[in-house]
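K.L.:
The sequence and its predicted three-dimensional model are supplied below.
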Amino acid sequence: MPHAVEMTGISKYFPSSNVQANRGVNFRVQKAEIHALVGENGAGKTTLMNILYGLYEPDEGKILLDGQEVILRHPQDAIRCGVDMVHQHFKLVPSFSVAENILLGAEPGQAGFLRPAMENEVVRRLADSFGLPVDPQARVRDLPVGMQQRVEILKALQRDAQILLLDEPTAVLTPQETRELFDVIRNLAQRGRTIVFITHKLPEVMEIADQVTVMRRGEVVANNLVSETSIPELARQMVGREVLFRVVKKPAAPGSIVAAVKNLVVAGAGCYPAVKGVSFHVRAGEILGIAGVNGNGQEELVEAVTGMRPTEMGAVYLESHDITHLPVGERRAKGLAHIPEDRMSTGLNLKTTLDENIISTRYRLPEFSRRGFLLWANIRQFAEKIIKDLSVAAAHPGEGIDTLSGGNLQKIVIGRELSGDPRFIVADQPTRGLDVGSIEFVHKTLIEARDRGAAILLVSVELDEIRSLSDRILVMYRGRIAGELSANDATEESLGILMAGGKLAQVEKEA
Amino acid sequence: MAKHSSGKQLTNAVLIPVLAIISGLLVASLFLLVSGSSPLRAYQELFKAGFSCSRLTNCNLFQTLQLATPLILTGLSAVMAFRSGMFSLGQEGQFLIGATIAAWLGYAIHLPPVLHPIVIMAAAMLGAGLYGWFPGVLKTRLGINEVITTIVLNNIANLFMTYAVNFPMRADQGTTAHSPLIDDAAVLPAFVQGSKMGIGLVIAFVAAGLVYIYLWRTIPGYEQRMAGQVPLFARFSGIRNEGAALRGVALSGAIAGLAGAIEILGVHHRLLQGFSTGLGWDGVMVAILGQVHPVGVAIVAVFFAGMRLGAQIGLQAALQVPRELGGGLIALMILFVAVQNLYRGWIEGGREWFQKRVRRGDPVQK
Amino acid sequence: MDSTMILDLMRSGIRLTTPILLAALGAALCNRAGILNFALEGKMLLGAFLGILSAYWLHSSPLGAFVAMLSGALLGSLFAFLYIRYKVDLIVLAIALNMFVLEMTVFFLRSFFGNVGTWSDPSINQLPDLEIPLIHSIPVVGQLLSGHNMIVYLSWLATICLYVLLFHTRFGRHLRAVGENPAAAEAVGINVARIQLIVLMLSGALAALGGAFLSIGHLTLFTRNMSNNRGFIGFSAALFGLNNPVGVFFASLLFGTADALAVRLQNVTDIPPSLIQFLPNVLTIVALVLIALRMRGKELVARMRFRSRIRKQLAEEQAQRGEEFA
């Protein structure tokens, strides 16, 4: 019997970000199987699913559905072949009802006129036939997230989807809603539908999936029957043995506590808590690394600490000041520096010159302004000093920066943030998208800052970066701290398990 | 050779308006042909009439400069707002508010010369500034689109001025409603007898300089520009975006109000029903063609004023070509700025071709 | 004021409402599709100009009105092309167009008909007024509702048709989806560009029809800036009417009646007309503020509910984990 889905030799390269997202991927799913696709960020799982959904065309390889080869150029092609996707960000019209959303684009009726009564009936029957009760007339914007997801699933089922792709479906669900979703998935599989879901949460994989494919850096590294594997084994496969960078550094000599976070609760998009009561502290002369797969609350945590997002509950302290509700400017004045995740749209203004970028956090200092007037000569001097000290290539102070490479742009950000010797540095994915030389530079700079006595909070999805730079490591999973490890105890395996939701058998935590 | 992107920006900033002007002239010549005139002859008359100066007592250029005065100021008003990230189109209404306040204080209070006009202009700026601040608050606090609110507020200001000039401030019951003449002490003197070009022009140019210095050399101006360009970056850097936007839009209102006050104090000396012929909207267009920069605004304002005057004197009086072509030309030029995305691709291609030739050092053979 | 004056006032109000209503319907349609269309003023003025000119040259007013609508639709399609293909800023384009139409209509008038401020010609017939068969015999109501110009009735028809279109047809639902969440519409295969094109053409045609009404619907003449901001007032009416054709109808009626009232009161009392015309404008701002406040209020409530829900959820999970370790 042919597989429901068979993808062979799939390769996909994205020139714009210089990334080989998929490399010779073979992926097979049986009919009526519940198949999990796991991997860290950048493993290539979302790209693979997007290819199956027709959003991208592969550079190489072919796709067979039920044994027939298909060419998918557009999601419409995929839908017509019975493949449909439920995205992480729902594509629903908030003011429409459930029925109106489910039947959008496929409304029954003659001569272009709508038949609301018929629509409600159709949806009711559909929902009942799958055992997924919904109120067809409820307004989608009034529904809880779990119910909205159900509407998305029904939308796909209505279009006769035989193969359902779910992208991180439990990311925004409460535990109760997750349980309900799993019931739905089992139900659908029993009725002959094939389910593929992308996740990094291994406990869920163990609970619901039949098979699991593990991807890493664009390739498939393993394919297991869930009944024959375990969380630790999957975690090991997910994380692998990549050790690219080992920074030489002196052992840390941490001083007093500089920054602390207590019971922090931060809201994510929609109405779910992204950070659910996190507490930790960072000492002077120490790098605290926060590891975790993207989407477990790290971004919201960083934003709350740096002032870019409000805090719902809990507190943030900087050198005994309560900065929980202070605006960004005041936090910076108290010694906070922030290397943001997105240097191009947050850390820099690509529409203006280097001068104007380099003093965006320091223009009130007496050396750069007097009585409200900017002292451009001094600013220019400062910019030139940064360019020289950090070897920023092809940069001129009075010129725009939009043509500089990623590495040089990050140097400008770091030059700005680290000047003035900040007490507390928050570095969020500081080497994302950078070449090897730039990565080395950033790591060196952070270590130097640490040795000068700064407290550094490092957030990264790159395990090797976390391991080589951090003195202590926290792992975030589902909005909480899943565990704390010292640099010596943090093996890839133990980190991988914590990052994927598992528990460490032998608990070796530092006091 | 490093790519100097600010050089590229500068050439774009000059190239786009120049292309727009040329395109506008070309398309308008079609209309001229259709209505039976020779475009070359018409343009000759137009520019001669707008910018010529034969004797000090017969100098069209003076009148052009006088007409340019409110345009420079309303243009600066648009620059201040746009650069702060607020697409406020309320210059028209703020202009009227400033004019109404000026016309009223011109006869309602009595102060010695020099002091009287200064106080009046300050009051006009304050009132119009508040009128600009209000839609700003609606945007920053409640998220209400400022394009819509400023246009509605323009209507309200227009109605208010009409009411004021017809009733409380009405001087007599003649056919066109107007307010009493302002005190002599309040009048802004002209430079040359017979023309109305005077101190107002100086104020306008000084304002252009001040706006440039404010936006590019002071802290509040820097904050406004950053918040206007990339709000996320500004917030990340510690800038208070709300305050910056409100400052921008309030100052924008004040400058437009100053324009209105100067029109009253320097030119009309009283409020007349229907005296503003869309000067606020002209300012927006001056800012657009002038690439939202004080220098561009000053140049384009004089250019537009000259075209309008040239159309009136040169085209209409001399050639019997209706003077509305002047306004039509201006509109066409803005149209071509609006569709610049269309030929941006051509500019880029042209630049690459040009650079290739320069680098090669010889004409492209194959 | 006696009853004939009131009747006269209301009839005049209905007449003055019509161009505002047509522009407002167009604006509401665009708003629903997520497009801010400020060019309705220019399209209305162009419709007035081309309407009366074609009526003159083609010796038929209905044809003139038709040509006007055609010009509005064509202009709308040009806007759509520039917007969809080249991502042109529609607001700047609108400013340029409005100004262009304002000046060049007078230019052409003067070029071809001599140096006139207002242009008319005895050969041009006003568009026909219509008497509604049964209604016009009813005593008061008949005099109020019957005998208006055909475009007045067309505008009422347009209101009903647009209401049905928006809320009872597939196209209307797709349109509303595009305006609220274009990603959702794209995902189900709705052709967003096609909808934007149709909306811009339709709103252009409606505004132009309103313009034709101005020039050949009552008096037959054309003056400079004949539309006199009615395009923008129509936009305000659309917002005030919450972009729902029925609401828009009554909002436009409010604006139109205010205009009629203003003129008449001037003759009877000392109340200045502009004071009355104030009201609809101020009400628009008030309406916008109230709508925004309501949204903010909802967000606040959602936030508070969210907080209490988290507290409960956290406490639950705490208890759960406490049990696990026990």
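P.N.:
Arrived safely. Residues are numbered from 1 along each chain as shown, chains lettered A, B, ... in the order given.
K.L.:
Now the residue of the stretch 301-450 of chain A found nearest chain B: closest residue in space, sequence neighbours ignored.
P.N.:
Scanning the stretch 301-450 of chain A for the residue nearest chain B gives residue A:329, at 3.2 Å (criterion: C-beta to the nearest C-beta). All C-beta spots, glycine's among them, are computed from the backbone N, C-alpha and C. Excluding the flanking residues, the one nearest residue A:329 by C-beta to C-beta, 6 or more residues apart in numbering or on different chains is residue B:238, at 3.2 Å.
K.L.:
Repeat that for residue C:310.
P.N.:
Residue C:310 sits nearest to residue A:273 (C-beta to C-beta, 6+ apart), 4.8 Å away.
K.L.:
for residue A:493, same thing?
P.N.:
Using C-beta to C-beta, 6+ apart and skipping the chain neighbours, the partner closest in space to residue A:493 is residue A:236 (5.4 Å).
K.L.:
Could you check how far the closest residue to chain A within the stretch 101-250 of chain C is from residue B:154?
P.N.:
Residue of the stretch 101-250 of chain C nearest chain A, by C-beta to the nearest C-beta: residue C:188 (3.3 Å). As judged by C-beta to C-beta, to the nearest Å, residue C:188 and residue B:154 stand 41 Å apart.
K.L.:
picking that back up, could you verify my assumption that the residue nearest to residue C:310 touches residue A:263?
P.N.:
No. Between residue A:273 and residue A:263 there is no contact under C-beta atoms under 8 Å: 11.9 Å.
K.L.:
Smallest gap between chain B and chain A, at which residue?
P.N.:
For chain B, C-beta to the nearest C-beta, closest residue to chain A: residue B:238, 3.2 Å.
K.L.:
ok, that residue - contacts?
P.N.:
A:327, A:328, A:329, A:330, A:331, A:332, A:333, A:361 (C-beta atoms under 8 Å, 6 or more residues apart in numbering or on different chains).
K.L.:
Provide the secondary structure category for residue A:277.
P.N.:
strand (DSSP: H, G, I helix; E, B strand; the rest coil).
K.L.:
Are we agreed that residue A:266 is in a strand?
P.N.:
Yes. Looking at residue A:266 with three-state DSSP, it is inside a strand.
K.L.:
For it, report the pLDDT, please.
P.N.:
pLDDT, residue A:266: 89.
K.L.:
All the strands of the stretch 151-300 of chain C, in order from the start?
P.N.:
In the stretch 151-300 of chain C, the strands defined using DSSP state E, counting those that start in this stretch lie at C:222-223.
K.L.:
what does it have sitting close to chain A?
P.N.:
C:168-171, C:173-174, C:176-177, C:180-181, C:183-185, C:187-190 (C-beta under 8 Å from any C-beta of the partner chain).
K.L.:
Neighbour count says what about these? Which are buried?
P.N.:
Taking 16 or more other C-beta atoms under 10 Å in any protein chain shown as the criterion, what is buried in these is C:169-171, C:173-174, C:176-177, C:180-181, C:184-185, C:187-188, C:190.
K.L.:
Name the nearest of those relative to residue C:132.
P.N.:
Residue C:132 lies nearest to residue C:169 out of those, by C-beta to C-beta, at 26.9 Å.
K.L.:
residues of the lowest-mean-pLDDT helix or strand in chain C that come out buried?
P.N.:
The weakest-scoring helix or strand in chain C, judged by mean pLDDT, DSSP states H and E, is helix C:139-145 (a mean of 78). Within helix C:139-145, the residues that count as buried by 16+ other C-beta under 10 Å are C:143, C:144, C:145.
K.L.:
Report the spatially closest residue to the second one, excluding sequence-adjacent ones.
P.N.:
Computed as C-beta to C-beta, 6+ apart, the closest residue to residue C:144 that is not its neighbour in sequence is residue C:10, at 5.9 Å.
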